[in-house]
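Engineer: no sequence for this one, just the structure:
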DNA sequence: CCTTCTTTTTGTCGATCTGACAATAAGAGG
DNA sequence: CCTCTTATTGTCAGATCGACAAAAAGAAGG
């Protein structure tokens, strides 16, 4: 916080960016836009923008960007701070500090085309991590941080339920862990383990939903945010 | 990230604040300054300030503030991002967004008096949490987040070693957990558990250091950053 | 030197948890 | 009714955990 007599404050621009992760089928995906302006015109980038009014809350700005890019209103959607990115040379246009939020959404239909010349599209995480889809600015680094955060929080928080619809089966929850961690889990042990965590998932009546085999019970997210005991990630995969 | 034609950008100031936590004896403490200027003149606050130059890295600014307030040069010291705080009304002087870092230091001697009319002092966490020491701005909220972060990270990262000198005993490490969590732990089980985590602590020769009872072996931090298995917090204490 | 006290380190034991994997249950589709 | 697929319940040996005993290694005092 400030002290001293009024000094000239460096002109720094504050941006708000979003990493929106989802699961479509068994594919771990992120929402990217195609930039319509320089710099990095034509490149993929994370959705985001600057504060609109001087009194706009940073969190509200994130919700606004979210709604501009997707048709999500943020209700029931998981949003948390990821961090800030403020290297002096990260934007060639000048000094820009980005406040980045991480949002987790259940599998959604095709994204809405953005306002102007921007087109939003779900992109496979693998496509980005392999380098086939290069990202503008330092957004690759930001995405790496977001993925690492999601992988870690899956272990000891109820974050996995944010990838699921309001009601889901245990097998669907397992697919979240498998897709985000990139591993295969034993359904029997996963079933037992998940049910053993108090407050993680609660039965949603005796309902059922069908695909091919035996009908599965439906659950919804419990009130627990931290998992005791945690769902541990197999050590073979990092 | 930005799009569109050049628009007027809201004048937002970027501040950098620090939560510096340490352990002095068995007391969990935070470094606070006494504000020498309005607003909140005379109140306690977290150390921090604005970027000095337009091309100053945010992280470098945090290191600079750290050195101005303590005589630490950041070497061997744990520093991580805590988050950003950007509510529109958090600073009566105008729109200020704070980027906050969390620093963990081993028990240090008395802090250095700050530059101008500011005095830095270690303050017991309990004094602040109980409300006996009110903080300026939204710094109470920031400190709450920092403490929560430290408590959680103690469980599954090697953060506890950042509270210790380069070389330490297992009993000293235990005191870190006990002070930060506010619990008592069984020395026998703690000893066994800590040694069972690969890469957490490594023996520092057959050295020893004395107080009263049997001499203890010395260790230093291993290369592990995440703990497998984690050091679980007793459920009695939250 | 011997006894007492303190703190560290090594064990022990039963309850619990975990991972590998068998077996059963409940439909769908012929 | 038979087969195929997926969900759910069991089983079992090895690992882990919390509570607690016991041994080890000095310091302090007589």
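Structural biologist: Yep, it's here. In this text the structure is predicted, and so the values were computed from the model without any measurement. Numbers count the residues shown, from 1 in each chain, chains lettered A, B, ... in the order given.
Engineer: pLDDT of stretch A:60-69, averaged?
Structural biologist: For stretch A:60-69, mean pLDDT rounds to 92.
Engineer: what packs against the helix or strand of chain A with the lowest mean pLDDT?
Structural biologist: Of all helical and strand segments in chain A, the minimum by mean pLDDT, DSSP states H and E falls on strand A:201-209, at a mean of 86. If you count contacts as 3 or more C-beta pairs under 8 Å, 6 or more residues apart in numbering or on different chains; DSSP states H and E, strand A:201-209 packs onto strand A:216-221. The way it works is simple: take the backbone N, C-alpha and C, and place the C-beta from them, glycine included.
Engineer: so where do the strands sit in chain A?
Structural biologist: Assigned by DSSP state E, chain A shows strands spanning A:13-24, A:27-34, A:44-45, A:48-50, A:78-85, A:96-105, A:119-124, A:201-209, A:216-221.
Engineer: burial count for residue A:78?
Structural biologist: 18 (other C-beta atoms under 10 Å in any protein chain shown).
Engineer: from residue A:45, how far off is it?
Structural biologist: 22 Å (C-beta to C-beta, to the nearest Å).
Engineer: if we can go back for a sec, where among the strands of chain A is average confidence lowest?
Structural biologist: Among the strands of chain A, strand A:201-209 carries the lowest mean pLDDT (a mean of 86).
Engineer: hmm, the top helix by length along chain A touching DNA strand D?
Structural biologist: If you go by DSSP state H, chain A has its longest helix at helix A:139-156. No - using C-beta under 7 Å from any atom of the strand, helix A:139-156 stays clear of DNA strand D, coming no nearer than 13.9 Å.
Engineer: could you give the mean pLDDT of that helix?
Structural biologist: 97.
Engineer: any residues touching stretch A:190-198, and which ones?
Structural biologist: Outside stretch A:190-198, the residues that touch it by C-beta atoms under 8 Å, 6 or more residues apart in numbering or on different chains are A:170, A:173-174, A:177, A:200-201, A:222, A:224, A:227-229, A:231.
Engineer: wait, I meant stretch A:128-142
Structural biologist: A:17, A:19, A:30, A:32, A:35, A:39-40, A:43-46, A:82, A:85, A:87, A:90-91, A:98, A:100, A:123, A:127, A:143-144, A:147, B:1.
Engineer: switch to 7 Å and redo it
Structural biologist: Defining contact as C-beta atoms under 7 Å, 6 or more residues apart in numbering or on different chains, one finds that stretch A:128-142 is touched by A:17, A:19, A:30, A:35, A:40, A:43-46, A:85, A:87, A:90-91, A:100, A:123, A:127, A:143, B:1.
Engineer: show me how to select, in ChimeraX, the buried members of those residues.
Structural biologist: Buried subset of the contacts of stretch A:128-142, written as a ChimeraX selection, criterion 16 or more other C-beta atoms under 10 Å in any protein chain shown:
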select /A:17,19,30,35,40,43,44,45,46,85,87,90,91,100,123,143 /B:1
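Engineer: now do the contacts for the closest residue to residue A:153 other than its chain neighbours.
Structural biologist: In this structure, residue A:153 finds its nearest non-sequential neighbour in residue A:159, 4.5 Å apart by C-beta to C-beta, 6 or more residues apart in numbering or on different chains. Neighbouring residues of residue A:159 by C-beta under 7 Å, 6+ apart: A:78, A:104, A:150, A:153.
Engineer: compare the strands of chain A and give me the one nearest DNA strand D.
Structural biologist: DNA strand D sits nearest to strand A:216-221 of all the strands of chain A, at 3.4 Å, using C-beta to the nearest atom of the strand.
Engineer: that closest one vs DNA strand C: in contact?
Structural biologist: No - for a cut-off given as C-beta under 7 Å from any atom of the strand, strand A:216-221 has no contacts with DNA strand C; the smallest distance is 9.9 Å.
Engineer: that strand to strand A:201-209, inter-axis angle?
Structural biologist: 140 degrees (axes from the mean of the first three to the mean of the last three C-alpha atoms, to 10 degrees).
Engineer: any chance you could list what contacts strand A:216-221?
Structural biologist: Strand A:216-221 has contacts (C-beta under 7 Å, 6+ apart) with A:158, A:161, A:166-171, A:201-204, A:207-209.
Engineer: give me that answer again for 8 Å
Structural biologist: A:158, A:161, A:164, A:166-171, A:173, A:200-209.
Engineer: just the buried members of those?
Structural biologist: A:158, A:161, A:164, A:168-170, A:173, A:200-201.
Engineer: nearest to DNA strand C, of the residues you listed?
Structural biologist: Nearest to DNA strand C out of the buried ones among the contacts of strand A:216-221 is residue A:200 (C-beta to the nearest atom of the strand; 12.5 Å).
Engineer: dump the residue contacts of that closest one.
Structural biologist: By C-beta under 8 Å, 6+ apart, the contact set of residue A:200 is A:158, A:161, A:194, A:221-222, A:224, A:227.
Engineer: okay, now the closest residue to DNA strand D within chain A: neighbour count?
Structural biologist: Going by C-beta to the nearest atom of the strand, DNA strand D is nearest to residue A:213 of chain A, at 1.8 Å. Residue A:213: 7 surrounding residues under other C-beta under 10 Å.
Engineer: pLDDT wise, what is it at?
Structural biologist: 91.
Engineer: residues in contact with it?
Structural biologist: Under the criterion of C-beta under 8 Å, 6+ apart, residue A:213 has no neighbours.
Engineer: repeat that for residue A:81.
Structural biologist: So residue A:81 contacts A:99-102, B:83-84 (C-beta under 8 Å, 6+ apart).
Engineer: is it bridged to anything, and to what?
Structural biologist: residue A:101 (DSSP bridges).
Engineer: which among the contacts of residue A:200 count as buried?
Structural biologist: Among those, those buried by neighbour count (16+ other C-beta under 10 Å) are A:158, A:161, A:194, A:221, A:224, A:227.
Engineer: between those, which sits nearest chain B?
Structural biologist: Distance to chain B, by C-beta to the nearest C-beta, is smallest for residue A:227 among the buried ones among the contacts of residue A:200, at 11.5 Å.
Engineer: wait, that closest one touches residue A:154, no?
Structural biologist: No - at 9.2 Å, residue A:227 does not count as touching residue A:154 under the criterion of C-beta atoms under 8 Å.
Engineer: before we move on, back to that, name the nearest of the contacts of residue A:200 relative to residue A:235.
Structural biologist: residue A:227 (18.0 Å; C-beta to C-beta).
Engineer: so who does the closest one touch?
Structural biologist: A:155-158, A:197, A:200.
Engineer: make JSON lines from these and add distance to DNA strand C to it.
Structural biologist: Converted to JSON lines, the contacts of residue A:227 look like this (distance: C-beta to the nearest atom of the strand, whole Å):
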{"residue": "A:155", "distance to DNA strand C": "11"}
{"residue": "A:156", "distance to DNA strand C": "12"}
{"residue": "A:157", "distance to DNA strand C": "16"}
{"residue": "A:158", "distance to DNA strand C": "16"}
{"residue": "A:197", "distance to DNA strand C": "9"}
{"residue": "A:200", "distance to DNA strand C": "13"}
